[in-house]
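Visitor: need a structure here:
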Amino acid sequence: MLAGRAPPVGLGRTGSSGSGFSMSGTLALSEDSFAPTPSYRPTSPEDETMKLVSPTFQEAAKSGAEIQYTSSRDPAHPAENILDGDVATYWMSTGLYPQEILLDLGRPQRISAIQLVTTNVRSVSIEGSSELSAVNFEKLALEELEAQSGMLQRKELDCREQQEPTRFVKAKILSGWHDFCSVHSIIIRSELCLASD
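Guide: Predicted coordinates for the structure are as follows:
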């Protein structure tokens, strides 16, 4: 387990999207994630139905996930650090709570849990949206994190069952143990639901 103190703040955009295949996987967004070769299954043009396939592990950047929005910006600590697989890099808040991070998963998914690696986060809410544009959200999890005196916090949040597969995830940091907090990685455990193009 890595431990370290977080300095001072970020925003960014990362990732690319793929199409024309079914893929099973967990979006693994931290350095200690297990990421074997994902399984690919060609989709037939006539098959217009969604496919729910068994979960494995898949790196977010390769599966199309990207940061759409953050409520704070610091060029020294951009939001793409959350997805770079290195917990030594981070995004950091610059203003008052609440703080938000909006993640586009690239494909609809049934999310079972989300793991956060953070510092100074006290209360966090996870919300999901199944819409094509991130407008309406449903709450997936709400958790209080223990104070770690500026050291890394690792917390896995179990998500409630979603009515529809989730396309967007919003991490809303409601309060902190310090004026500023940092997010080093987000790991989304899910089953990908891919439709043919």
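
Visitor: name the helix or strand of the chain that has the lowest mean pLDDT.
Guide: Sorted by mean pLDDT, DSSP states H and E, the helices and strands of the chain end with strand 21-24, the least confident at a mean of 31.

Visitor: what about the helices in this structure?
Guide: Listed from the start of the chain, the chain has helices (DSSP state H) covering 60-63.

Visitor: count of residues packed around A113?
Guide: Burial of A113, expressed as a neighbour count using other CB atoms under 10 Å, amounts to 16. The way it works is simple: take the backbone N, C-alpha and C, and place the C-beta from them, glycine included.

Visitor: contacts only, for it.
Guide: Neighbouring residues of A113 by CB atoms under 8 Å, 6 or more residues apart in numbering: 156-159, 189.

Visitor: out of these, the closest to D74 would be?
Guide: Distance to D74, by CB to CB, is smallest for L157 among these, at 25.4 Å.

Visitor: kindly provide the distance from that closest one to L96.
Guide: Noted for L157: a distance of 23 Å to L96, by CB to CB, to the nearest Å.

Visitor: likewise for L102?
Guide: From L102 over to L96 (counting by CB to CB), the distance is 18 Å.

Visitor: and the two? Which one has more around it.
Guide: When L102 and L96 are compared for neighbours, L102 comes out ahead with 20 against 10, by other CB under 10 Å.

Visitor: hmm, T70 and that one touching each other?
Guide: Yes - under the criterion of CB atoms under 8 Å, L102 is in contact with T70, at a separation of 7.4 Å.

Visitor: surely E191 meets Q109?
Guide: Yes - assessed by CB under 8 Å, E191 is found in contact with Q109 at 6.4 Å.
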